[in-house]
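**Q** Curious how this folds, go ahead:
(chains A and B)
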Amino acid sequence: MAVARTRSVALIGVTGRIVEVEADVGNGLAGIHLIGLPDTALSEARERVRSAMVNSRFPWPDARITVSLFPASLPKRGSQFDLAIAVAILGAAGVVPPDRVSTPFFLGELGLDGRLRPVRGILPSVLGAAKTCEVTVVVPAANAAEAALVPDAKVIPVADLRQLVGWLRDGEEPPALAESPDDAAIPTTELPSVDLADVVGQPIGRRALEVCAAGGHNLWMLGPPGTGKTMLAERLPTLLPDLELDHALEVTAIHSVAGVLPPSSPMISRPPYVSPHHTATAAALVGGGSTVVRPGAVSLAHRGTLFLDEAPEFPRHVLDSLRQPLESGQVTVARAAGTITFPARFLLVLAANPCPCSQPATPGDACQCTPALRRRYLAKLSGPLLDRVDVKVTVARSSKAELMADRTFVESSKTVAERVLNARQRAAKRLDGTPWRTNAEISSAALHADYRPCDAAMKPLSSCLESGTLSARGLDRVVRVAWTLADLADRDQPGEEETSRALAFWLGVGA
Amino acid sequence: MAAKDELGRHGEEVAARYLRDRGMRILERNWRCAQGEIDIIAQDGDDLVVVEVRTRSGRSHGTALESVRPGKLSRLRALAARWLAAQPCAFRTVRVDVIALERFAGDFALRHVRGVM
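**A** Numbers count the residues shown, from 1 in each chain, chains lettered A, B, ... in the order given. Presented below is the predicted three-dimensional model:
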């Protein structure tokens, strides 16, 4: 009888791949056959589509219906193909003109009554569809705001199947997207209500936080409990500037796939802050899952902060699973369902107590842990992991004078964030034309070719290189931090002062 | 006889007449054994055709055609083998057809799907 073809998008990790959906209504025993490697949720689309069409008062073809999803070898999962399958069948059955359905993309899950339900991963799907050219995308009304974030896509929000068929038959536009009053501006996510001014004392910790925020460097804080390590880490997001549009889209796409996007404000414009508990598994951290591979904490923290409080309490293999994403800025998860790469360029903050007992309340009281226990405790943080941490600081208890001082003179997040923004802009200007925006991202090769500090500045590092204290990677990291220090000090080039300070940060002997 | 049985009986009558008009020879009607029943056994040239007839008074409980499930077809195929075992003659192939009848305004709409198995 008839064949109709339409398009949808399959998600592989956080990238969308275009999928063609064909429906053939032909001779044979009445029934519907779905082919093209569907998973369980997609196989159940047969029942949803049938009920949705019958309950929307469209004729269900009393014939053999074959629905095929191309490319046939790509495994497809989830319910977001429901709408495309329904539209293809409607086209093949002659309810809507087949040529009207061939070019737009259809995304969404169907309810049994014909209503369109929202699905996760709309943003990366629309991004995948819009990769080639300007496109028209039909999405559930509840996902419309998220889909509209993609610049070159014409979004048709639809509430139910009848409305969609009306649009396909007569071209009558569904009710337009509720425009936000100022749709040029990116809707901002709420700012956290913490401020750096809440932290008393800790000049070294504050300085380290500022350097890390400015350059995107990793930070390790060691100190007894109650000194403000967690407070400092929680205030790091307040120092970071807003995400630029392309980064915001990346971050939003990951959160959309993970299904943790707030429906009210679909765009994540602030750097995310993720703080997993120390019982987290390696799969929770780097991503995993047997059938659907979900992004883990490192990907949810993409372009933001990953804070591991009580780092030595994490299992050692979990901590070491961070080594590869820390270096490459992405994480590749291999499962039976496929091998998927998620972006994972995050700022790592580790906090640790010096030993499990952490008793010394006063300087006079000795720690009750044996030396072997102390060594074993911190040895959880392996050498290769700490080699990737650019800034290591020891956070000491604040003195009585600091605690009693007038807190109105404490620097607020706003003041520090301004300095951070200036330093970041300086770095971005220098890195213009490269794929990087912060000093921490510069590749090793480029660092030695284009951004090599002068010989005088490199002098403090040479003795450490000779003695073997500084690895090749360590050298790169010290130079990157030195650049950030120069940016913060408004200098064109890191000098000897910057490199020696960066070295001190790397060695963990304070600034 | 209950109304639904009468409807089914009538449908089979219509189907048999239809097949005869198409040049098939009806060999047997409502052949039964312990495993089940074949509505119509017919000969189409050199082929043996096992026909399942479904009759519906309307579409309120689904269409007549879609009420035939794959399980029914494989049962029919097995029944055909049992019937053949008792026959002296041979056929080139064995085919399973479905005839779906739906009542519309006092008349029947007939659909014949050939070779579903």
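
**Q** ranges for the strands of the stretch 301-450 of chain A?
**A** A:305-308, A:330-335, A:338-343, A:347-352, A:391-394 (DSSP state E, counting those that start in this stretch).

**Q** other SSEs contacting the second one?
**A** For strand A:330-335, the helices and strands in contact under the criterion 3 or more Cβ pairs under 8 Å, 6 or more residues apart in numbering or on different chains; DSSP states H and E are strand A:287-288, strand A:338-343. Backbone N, C-alpha and C define where each C-beta goes, glycine included.

**Q** Could you point out the helix or strand that follows the first one?
**A** Right, the one you point to is strand A:287-288. strand A:294-295 (DSSP states H and E).

**Q** Need phi/psi at residue 98.
**A** Since you didn't name a chain, this refers to chain A. Phi and psi for A:Pro98, reported as degrees, to the nearest 10, are phi -60, psi -30.

**Q** I was after chain B.
**A** Dihedral angles for B:Val98 - degrees, to the nearest 10 - are phi -120, psi 130.

**Q** Might one say that it is in contact with B:Val68?
**A** Yes: between B:Val98 and B:Val68 there is a contact at 5.3 Å, judged by Cβ atoms under 8 Å.

**Q** Look at the two and report which has more neighbours.
**A** B:Val98 (28 against 21; other Cβ atoms under 10 Å in any protein chain shown).

**Q** partners of the more buried one in the sheet?
**A** Beta-bridge partners recorded for B:Val98 (DSSP bridges): B:Glu52, B:Val113.

**Q** Name all residues that make contact with it.
**A** B:Val98 makes contacts with A:Leu29, B:Val51, B:Glu52, B:Val53, B:Arg54, B:Leu65, B:Val68, B:His112, B:Val113, B:Val116, as judged by Cβ atoms under 8 Å, 6 or more residues apart in numbering or on different chains.

**Q** before we move on, what about A:Ala45?
**A** A:Leu34, A:Pro38, A:Ser79, A:Phe81, A:Asp82, A:Ile85, A:Leu110.

**Q** What residue in chain B comes nearest to chain A?
**A** B:Glu66 (3.7 Å; Cβ to the nearest Cβ).

**Q** Now that residue: closest residue in space that isn't a chain neighbour?
**A** Leaving aside its sequence neighbours, B:Glu66 sits nearest to A:Ala30 (Cβ to Cβ, 6 or more residues apart in numbering or on different chains; 3.7 Å).

**Q** how many other residues sit next to the one you found?
**A** The local packing of A:Ala30 (other Cβ under 10 Å) involves 21 other residues.

**Q** got it, and the one 3 residues further on?
**A** Under the neighbour criterion other Cβ under 10 Å, A:His33 is assigned a count of 12.

**Q** One more: the one 5 residues further on?
**A** Counted by other Cβ under 10 Å, the residues lying close to A:Pro38 total 20.

**Q** and whichever helix or strand B:Arg103 is part of, C-alpha only, in CSV?
**A** Using DSSP H and E, B:Arg103 maps to strand B:94-104. The C-alpha coordinates for strand B:94-104 follow below in CSV (Å, rounded to 0.1, in the frame of the first residue of the first chain):
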residue,chain,number,x,y,z
VAL,B,94,0.4,-26.0,2.0
ARG,B,95,-0.8,-22.5,2.5
VAL,B,96,-2.7,-20.8,5.3
ASP,B,97,-5.1,-18.0,4.3
VAL,B,98,-7.3,-15.8,6.5
ILE,B,99,-10.7,-14.5,5.5
ALA,B,100,-12.0,-11.6,7.6
LEU,B,101,-15.6,-10.6,7.5
GLU,B,102,-17.1,-7.5,9.1
ARG,B,103,-20.8,-6.7,9.0
PHE,B,104,-21.6,-3.2,7.7
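
**Q** Report the mean confidence score over that strand.
**A** The average pLDDT within strand B:94-104 is 91.

**Q** Please name the residues that touch B:Gly8.
**A** Contact analysis of B:Gly8 by Cβ under 8 Å, 6+ apart lists B:Val53, B:Thr55.

**Q** Could you check the pLDDT of it?
**A** Per-residue confidence at B:Gly8 stands at 90 (pLDDT).

**Q** Name the residues of chain B found near chain A, please.
**A** Contact residues, chain B versus chain A (Cβ under 8 Å from any Cβ of the partner chain): B:Thr63, B:Leu65, B:Glu66, B:Val68, B:Pro70, B:Leu73, B:Val98, B:Arg111, B:Val113, B:Val116.

**Q** Could you identify the most distant pair in those residues?
**A** Farthest-apart pair in the residues of chain B next to chain A is B:Pro70 and B:Arg111; separation 18.0 Å (Cβ to Cβ).

**Q** For the two, indicate the residue with more neighbours.
**A** B:Arg111 (17 against 11).

**Q** Any stretches of the chain with poor pLDDT?
**A** Looking at chain A here, since you left the chain open. Applying pLDDT under 70 to chain A flags residues A:1, A:172-192, A:263-264, A:358-366, A:510-511.

**Q** sorry, should have said chain B
**A** Those would be B:1, if you go by pLDDT under 70 across chain B.

**Q** which residue lies farthest from the center of it?
**A** Distance from the C-alpha centroid of chain B peaks at B:Ala105, with 23.2 Å (Cα atoms, centre = their mean).

**Q** How about the contacts made by whichever residue of chain A sits closest to chain B?
**A** Going by Cβ to the nearest Cβ, chain B is nearest to A:Ala30 of chain A, at 3.7 Å. A:Ala30 makes contact with A:Asp62, A:Ala63, A:Arg64, B:Thr63, B:Leu65, B:Glu66, B:Val68, according to Cβ under 8 Å, 6+ apart.

**Q** Can I get the buried ones among these as something I can paste into ChimeraX?
**A** Remark: buried members of the contacts of A:Ala30, expressed as a ChimeraX selection using 16 or more other Cβ atoms under 10 Å in any protein chain shown:
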select /A:62,63,64 /B:63,65,66,68
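
**Q** Mind checking which of the contacts of A:Ala30 land in helices?
**A** Nothing among those maps onto helices, per DSSP state H.

**Q** Return the subset of the contacts of A:Ala30 lying in strands.
**A** Per DSSP state E, strands hold the following members of those: A:Arg64.

**Q** any chance of the contacts of A:Ala30 in CSV, with distance to A:Arg323 too?
**A** Output for the contacts of A:Ala30, formatted as CSV (distance: Cβ to Cβ, whole Å):
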residue, distance to A:Arg323
A:Asp62, 60
A:Ala63, 57
A:Arg64, 54
B:Thr63, 61
B:Leu65, 61
B:Glu66, 57
B:Val68, 60
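
**Q** Farthest pair within the contacts of A:Ala45?
**A** The span of these, defined through Cβ to Cβ, is set by A:Pro38 and A:Leu110 at 15.1 Å.

**Q** for chain B, what spans make up the strands?
**A** Applying DSSP E to chain B gives strands spanning B:25-33, B:36-44, B:47-56, B:94-104, B:107-113.

**Q** A:Glu134 is nearest to which of these?
**A** By Cβ to Cβ (comparing all of the strands of chain B), the closest turns out to be strand B:107-113, at 44.3 Å.

**Q** who touches the closest one?
**A** So strand B:107-113 is contacted by A:27-29, A:62, B:11, B:14-15, B:18, B:55, B:64-65, B:97-103 (Cβ under 8 Å, 6+ apart).
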